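> Structure for the following, please:
(2 chains)
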Amino acid sequence: MKNAVAMQQSIGRRDRAPVVSKLILALVFVLGLVVIYMGYTGMREYGASGFSAESAYSAIHALGGDTAAAWQKKLQPQLDALSADRRAAVDQAAAELLTAAWENQKAGGAADAQAMLDAGDGETAWKLLYATYLVNGPKVSTAIKKELAALSGSELAETRVGLLNCIADESAALPKAAEAAAGGLTGSERTAMLTQLLFVANGSAEATDQVNVLKKGVRDKAAQLDAFRMIAGNEVSWVFQLVVSNSRTAILVGIILALDALLLTLLMMGDKTWIIDFKWIIILLIVDFLLLFQLMPLIYMVIKAFFPESSFSLETFKRLYTYPLNLDALKNTLIAAFATMILGTLLAFPLAWLVGRTNLYGKKFFRALFVLTYMVPPYVGAMAWLRLLNPNVGTINQWLRALLGLSDAPGPLNVYTLPGMIWVLTSFYYPYAFITISRAMEKMDPSLEEASRISGGSPLKTLFTVTLPMMMPSLISGALLVFVSAASCYGIPSIIGSPGRVHTVTTRIVEYVSLGQQALNDATGMAVFLMVMAVIILFISDVVLAKRQYITVSGKSVRPAIVDLRAWRVPLTVIVGIFAVIMIFIPFATIFATSFKIDIGKTMFAENNFTLINWTTVFGRTETMNCLKNSLVYASVTATVGIVIACTMSYLLQRTRIRGRKIPDFLITLGSGTPSVVIALGLIMTMKGNFGINIYNTAYIMIIAYTIKYLMMGMRTVVSAMSQIHVSLEECSQVSGASWLRTMFKITGPLIFPSIAAGWFLIFIPSFYELSMTTLLYSSTTKTIGFQLYEYWTFTSQPMSCAMAFGILLIVVFLNFVLNRLTKGEFSI
Amino acid sequence: MATVTIKHVTKAFGDNVVLKEFNETFGDGEFITLLGPSGCGKTTMLRIIAGFEKPTSGELYIDDQLVSGGKTFIPPEKRSIGMVFQSYAVWPHMNVYDNVAYPLTIKKTPKAEIRKHVERVLEIVHLSQYAERFPNQLSGGQQQRVALARALVAAPKLLLLDEPLSNLDAKLRESMRFEIKEIQRQLGITVVYVTHDQTEAMAMSDRIFLINRGVVQQCGTPEQIYNEPANQFVADFLGKVDFFKGVSANGRISLTGMNGQSIAYDGPRTGKVEVAVRPEKLYFSPDGVLEGVLESQYYLGDVDDCRVRVGDVLVRVIANGYEYKSLHVGQKVRLGIRDIMVFEDDGSLEQMLKIQT
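Model prediction:
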């Protein structure tokens, strides 16, 4: 009786559920629209009030007093050091610039400025000008900012003095750092630029960071001040005030709410029961994250590329691809990627066959060795090959010259060329094909080949008529992976290509970004090319090839038929051994040896050439340690966030039939297929406050970028582990009386733990040594070890960077060892 | 068509000896089954015949030609053998026709002739209308027949079948059993068939080689090894059997634990013995030799599966349903025995029955 009542009640709930759900959905949707409307109205108000210099001044007092004071403290000694007439001249220049800027802002601005100057003390002109230029001053390109940031404290002080002198006296020689920015300017334009440079050249990392805080503060404060003014005049309610000051964020939140409501409605329409499932909320959260940080930047970039001035135009592309340097870059990228693909596959296939399917001596060792390359940062390989093939002091060139009796002229090999770059790309990316191919080879049912043998086919005939055709889909997808990885690689071309004037699409994008705002559009055009290519290849290998995939990788393990090499066994082992020595041993040994050298042209054992100073210097610096700490922290956070999403997604994909679970799966796949440089560029363009989120120059933007790029590595690992666990194991636990949560922790969790650990490391390791995205996203406080290494290599000293590179390698090898232990040998990379 | 002569073949993987001193001859046109539990070495023997494994020692002849042994080794592709694999090994990137034509294509047979042969053999396996299909469009049974057609198309002198029916469902397995046997009879081909399914072996074979732990336990016709098992393992592996301990003296065996009841025995063994009785060779009869109580009775349709307690021992009886309709559980019954098998009790029974995997 009681049961019947309860049942009826639950039926009643079921009946009411559709109404309640529909109501909630409609409400959320309407709420989204309302928030969008409010945000839009707010933005109009906000736009009308603008960033006035007046509010900037208020803001600098409200928020940035300390910053200004700290900055003042830096500038003051140099101001004080000036001679009296010079001092008067620069103060005068500052006052003039200020009045000019304020007059530009609003009619009668000059009078306002004068009034403030009269009321203030001697430093007021500088403070006000600083605040004003922060909001609306001459633009300084990112490249110059970075150049200035790279200067030491004393150099900066020197530059500042130089700048002040130039402001006071137009004929004074420009400091080196200012040449590029102010070289062609004259008159007040020149003075304005010099002053802005003076403000930018404020030295230490803390200052840059505080400027960022201040900039954001000035911007927000400006809107808030306007809002307060309106409230004071009883113009709007407090709710509206909140929205006004965060109008862009409001629009974004509104769009997401409305989109979520729409998506959920679509999902529920298919489901028919209209009961809101908790799992949908999780899916939506993941989808929202990916929409916001992955899809929106990509779409924005495409729009920017085709609508550079808010109307459709192919101007960007025309300008880009008629510029010979870019055409070269395009050609180089395609040639290099194609050649790397062919070479890499030609190397990988025989190696995979020899190691996986023959009785080659030491094949387990070789296999581990080839896979090892997979976890080495590409730029470390590039550095090693540079050391070996440098036309002047390259070790191999020295040997060759000695061997062939050539003169001491450079050569015969030169790594700073397209073939040189292809060689290095190949040496780094062939393991991608090797791993794909050997996995398929080892999973192939040996009786398929035996059937051919017994039908009269010789081993060679069998290889060509059965093994190769069956392997073809894996072979092609391995090759395409090499192609797309090589085309979107930045580390190798930046180290090898740039000095040799071999440009690629990625290096061009990074150069464009460093040129500042205008060039960002051009970078977008290049990025769209890279993205389209990546998407096409992703489509081919995930959709077209997947349908023709004969070998199921997740299948039960089989004992592959081993081909007896007979007389060839020893010679082939020797050949593979020599290959391994050339590809792996020599490069790493070179890095190791170089790190102990004083003169890199001589051997480590030459007289007075052995030193530990590189190691002690590099790892003795606080900066290095900070970068190392940054890398470890960002990579840990990325891996942890990533693995949580990966586990959630695996559960959704493997254990539920819930509609819409493929949406985040698709987005994650797309994210990992998007070239790193493109991801970073998209984030730069959309995450600096123009869409209501300002995480530019913070650690968040880097962690988000890493997550988007490497999430899939972890997800695939966990998904495939979960697919191996039959659902009956979980059902049995539930039948035994365990709750869902308990089952997850007691049964599923422990069973897939090795894979979860492996997934964590698979995200951690590439995030740890990442370079391409970091190059675009770092700020002086968020430098990572990868970027630090790149800077050392380019600007400081090769032996020191080799010490650092070897340090990174040791850390990665150690992590791999931990992973191997943690998963009882089941996983290593 | 072909004879296979195996002389002292031994195979070891490292220290693990999987075949010991295999020494047999398979006659021309014979259907030979290698039967045994998994891991007994039967598949290894088949792969040695095919040429996928080399014997550690010993020699293998096909039609008096030495193919493996000493320094001689003829690779599989030169042995002119047909083989069907457990996983069928039908190539997924070729259609049915190309799969079947493959052995002839390798031999560079003229196109027209290939077509003739392929069509004939597809006819035999009832797949004529599927020639253009790809393996992923075929059922397991059809794939299995493609594999069979491919093995037969080049008219091999010897056909090897490695558990070809184990992945099929029960009904299909039964019909394929007769089809294979029928094809073998038509073509008069020598067949070596590997299975762990005793019913399959009984139904198809001319001779069965029952193997355990790398050693041939018995070889003979299905009747011979079913009715005259050489040892307890053979008796146990083929069909159902119960073992009872007893003592044989003066033409009778008194059974241990059965209240001193005894049965007549005119065989040669005396002293401690083991008596093996197949449950279907027992029957209910008022003048049966053993007395007991009917303890349980399960209706299986064609027969009834019963347990009778005789003294302290439970005896299984499979009886025709109509013979004892009046019996009910708890009733006293008498059992007649049609046939028994008597082995010496050397204490090795447990050891022997333990199946090594």
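> residues from the stretch 701-829 of chain A in reach of chain B?
By C-beta under 8 Å from any C-beta of the partner chain, no part of the stretch 701-829 of chain A sits against chain B. Yep, even glycine has a C-beta here, placed from its N, CA and C like the rest.
> and whichever residue of the stretch 701-829 of chain A sits closest to chain B, how many residues sit next to it?
Proximity of the stretch 701-829 of chain A to chain B (C-beta to the nearest C-beta) peaks at residue A:726, 19.0 Å away. Neighbours of residue A:726 under the rule other C-beta atoms under 10 Å in any protein chain shown: 9.
> Residue B:318 too?
Count around residue B:318 with other C-beta under 10 Å applied: 17.
> likewise residue A:376?
Per other C-beta under 10 Å, the neighbour tally for residue A:376 reads 22.
> Isn't it up against residue A:806?
No: Residue A:376 is beyond contact range of residue A:806, at 11.0 Å (criterion: C-beta atoms under 8 Å).
> what residues are up against residue A:305?
A:316, A:317, A:521, A:524, A:525, A:527, A:528 (C-beta atoms under 8 Å, 6 or more residues apart in numbering or on different chains).
> 10 Å instead, please
A:313-314, A:316-317, A:320, A:521-529, A:531 (C-beta atoms under 10 Å, 6 or more residues apart in numbering or on different chains).
> now do residue A:471
Residues in contact with residue A:471, defined by C-beta under 10 Å, 6+ apart, are A:349, A:352-353, A:436-437, A:440-441, A:444, A:463, A:478, A:550-551, B:93.
> got a pLDDT number for it?
According to the prediction, residue A:471 has pLDDT 85.
> Next, the buried residues of the host helix or strand of it.
Per DSSP states H and E, residue A:471 falls inside helix A:468-487. Under the neighbour-count criterion of 16 or more other C-beta atoms under 10 Å in any protein chain shown, helix A:468-487 has A:470-487 buried.
> Show me the contact partners of the following helix or strand past that helix.
Using DSSP H and E, the helix or strand that follows helix A:468-487 towards the C-terminus is helix A:491-492. Contact partners of helix A:491-492, identified using C-beta under 10 Å, 6+ apart, comprise A:336, A:340, A:377-383, A:385, A:421-422, A:424-425, A:427-429, A:486, A:504, A:506-507, A:676, A:769-772, A:775, A:786, A:789-790.
> Now with 8 Å, please.
A:377, A:378, A:379, A:381, A:382, A:421, A:424, A:425, A:428, A:771, A:772, A:790.
> which of the residues you listed has the most neighbours?
residue A:424 (31 neighbours).
> Checking my notes, residue B:304 in a helix, right?
No: looking at residue B:304 with DSSP: H, G, I helix; E, B strand; the rest coil, it is strand, so not inside a helix.
> distance of residue B:235 from chain A?
Residue B:235 sits 34 Å away from chain A when distances are taken as C-beta to the nearest C-beta, to the nearest Å.
> So for stretch B:304-315, mean pLDDT?
The pLDDT scores in stretch B:304-315 average 88.
> Identify each buried residue in that stretch, please.
Quick answer for stretch B:304-315 (16+ other C-beta under 10 Å): B:304, B:306, B:307, B:308, B:310, B:311, B:313, B:315.
> Residues of chain A that sit close to chain B?
Checking chain A against chain B by C-beta under 8 Å from any C-beta, the hits are A:445, A:447-448, A:450-459, A:461, A:465-466, A:469-470, A:472, A:550, A:561.
> re the thing from before, which one of the contacts of residue A:305 sits closest to residue A:124?
Nearest to residue A:124 among those is residue A:521, at 38.4 Å by C-beta to C-beta.
> Count the neighbours of that closest one for me.
Neighbours around residue A:521, by other C-beta under 10 Å: 19.
> hey, which helix is longest across chain B?
Across chain B, the longest stretch assigned as helix under DSSP state H is helix B:170-187.
> what sits up against that one?
With C-beta under 8 Å, 6+ apart, helix B:170-187 has contacts from B:31, B:124-125, B:140-141, B:144-145, B:148, B:152, B:155, B:159, B:161, B:164-165, B:168, B:191, B:200, B:203-204.
> So how do I select the buried members of those in ChimeraX?
Applying 16+ other C-beta under 10 Å to the contacts of helix B:170-187, the buried members can be selected in ChimeraX as follows:
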select /B:31,124,125,141,144,145,148,152,159,161,164,165,168,191,200,204
